[in-house]
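>>> compute the structure for the input listed below.
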Amino acid sequence: MRNLLLFCGLVLAAVSCAPSPSGPTTSWKRDYWGHRAGPKGFATVILDAGHGGKDSGAVSGSTGAMEKNLALDTVKRVQAKLRGRANVILMRSDDTFVDLDERVNRASRRDGTILVSIHYNSGPSRMRGPELYWWRVDSWGLATRLQRNLEAAVPGESGNRGQVRRRLRLTRNPNVPSVLVECGYLSNPAEARMCNNAGYRDKLASAIADAILDQQREGDPAGSLPRPINAPPSRPTDPPGS
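Okay, the predicted model is just below:
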């Protein structure tokens, strides 16, 4: 009888944490693996402007613009568009350096939270267009919405990687749904000029904010969830691309 009661208790616990189409449940508490459907009805959005301080990130050879500044400007534009509809926390609000592991620690302290890290890319000059990185199953839906919106907002793409499942410190290690957005390539002269334009960055910010709000309102878009992968946290000593 004792074993039967224990089994029933485990079943009830699993049911109570299952995703519900009617709104958020306790499944949106912090979770090590994230092997579950994406969140709906979350209250808090952590916006992370990539790089900062001593770390400039990518630098455009054609405009001289630095990734850290463009990312922070974009984050603040997204914040303004989410005002009144989500509690927004900025990982950094000025030109300061925040270590990657500290970013993970800050994001992992809160329940009912998603992390969106915003960057600008660099690579061969022929490459252009947005890219989305994710790892956790509960981040797939948000990544899909973000990629679709950004692809609709940019005038063209070439050779970029699109939406990629990749085990990074900002996609694997947080205990909450988390995605990393690459808004465009500063190494592509034409795209770098667009990214250096405030009106274009505002257009990108609208695409990002709308995707976040769609996820908050509706949960995951239609489609099969990706398979769970039990992989260790990402470390700075990992081989490139692992």
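>>> the chain: helices as residue ranges?
2-16, 67-82, 100-107, 140-153, 189-195, 198-218 (DSSP state H).
>>> mean neighbour count and mean pLDDT added to the ones you listed, as CSV?
The way it works is simple: take the backbone N, C-alpha and C, and place the C-beta from them, glycine included. Below are the helices of the chain laid out as CSV (neighbours: other C-beta atoms under 10 Å; pLDDT from 0 to 100):
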stretch, mean neighbour count, mean pLDDT
helix 2-16, 9, 36
helix 67-82, 22, 98
helix 100-107, 17, 97
helix 140-153, 22, 97
helix 189-195, 20, 97
helix 198-218, 19, 98
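>>> out of those, which gets nearest to Pro236?
helix 100-107 (7.7 Å; C-beta to C-beta).
>>> distance of the spatially most central residue of the chain relative to Leu168?
By C-alpha atoms, centre = their mean, the mean C-alpha position of the chain lies nearest to Val179, the distance being 2.1 Å. Using C-beta to C-beta, to the nearest Å, Val179 is found at 10 Å from Leu168.
>>> which neighbours do those two share?
Tyr133 (C-beta atoms under 8 Å, 6 or more residues apart in numbering).
>>> what's the local residue count around Pro221?
Residue neighbour count, defined by other C-beta atoms under 10 Å, stands at 15 for Pro221.
>>> oops, could you answer that again for Arg36 instead?
18.
>>> so what's it closest to, chain neighbours aside?
Distances taken as C-beta to C-beta, 6 or more residues apart in numbering put Asp138 closest to Arg36, at 5.1 Å, once the chain neighbours are dropped.
>>> so who does the one you found touch?
Contacts for Asp138 (C-beta under 8 Å, 6+ apart) come out as Asp31, Gly34, His35, Arg36, Ala37, Gly38, Pro39, Pro177.
>>> then Ala198?
Asp73.
>>> and it, how far from Asn69?
From Ala198 to Asn69 the distance is 12 Å (C-beta to C-beta).
>>> also Thr237?
Thr237 is 29 Å from Asn69, by C-beta to C-beta.
>>> same question for Ala209.
As judged by C-beta to C-beta, Ala209 and Asn69 stand 20 Å apart.
>>> neighbours of Phe97, how many?
Phe97 has 12 nearby residues by other C-beta under 10 Å.
>>> surely it touches Gly53?
Yes: contact status for Phe97 versus Gly53: in contact at 3.0 Å, counting by C-beta atoms under 8 Å.
>>> name all residues that make contact with the closest residue to Val88 other than its chain neighbours.
The shortest distance from Val88 to any non-neighbouring residue, by C-beta to C-beta, 6+ apart, is to Gln79 (4.8 Å). Counting by C-beta under 8 Å, 6+ apart, Gln79 touches Leu47, Val88, Leu90.
>>> who's in contact with the first one?
By C-beta under 8 Å, 6+ apart, the contact list for Leu47 reads Val75, Val78, Gln79, Val88, Ile89, Leu90, Met91, Val116, Ile118.
>>> looking at the residues you listed, which one is closest to Arg148?
For the contacts of Leu47, the closest approach to Arg148 (C-beta to C-beta) belongs to Val116, at 14.9 Å.
>>> partners of the closest one in the sheet?
Taking DSSP bridges, one finds Leu47, Val179 as the beta-bridge partners of Val116.
>>> sorry, back to before: in a markdown table, list the contacts of Leu47 along with distance to Lys203.
Output for those, formatted as a markdown table (distance: C-beta to C-beta, whole Å):
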| residue | distance to Lys203 |
| --- | --- |
| Val75 | 15 |
| Val78 | 12 |
| Gln79 | 16 |
| Val88 | 19 |
| Ile89 | 24 |
| Leu90 | 21 |
| Met91 | 23 |
| Val116 | 17 |
| Ile118 | 14 |
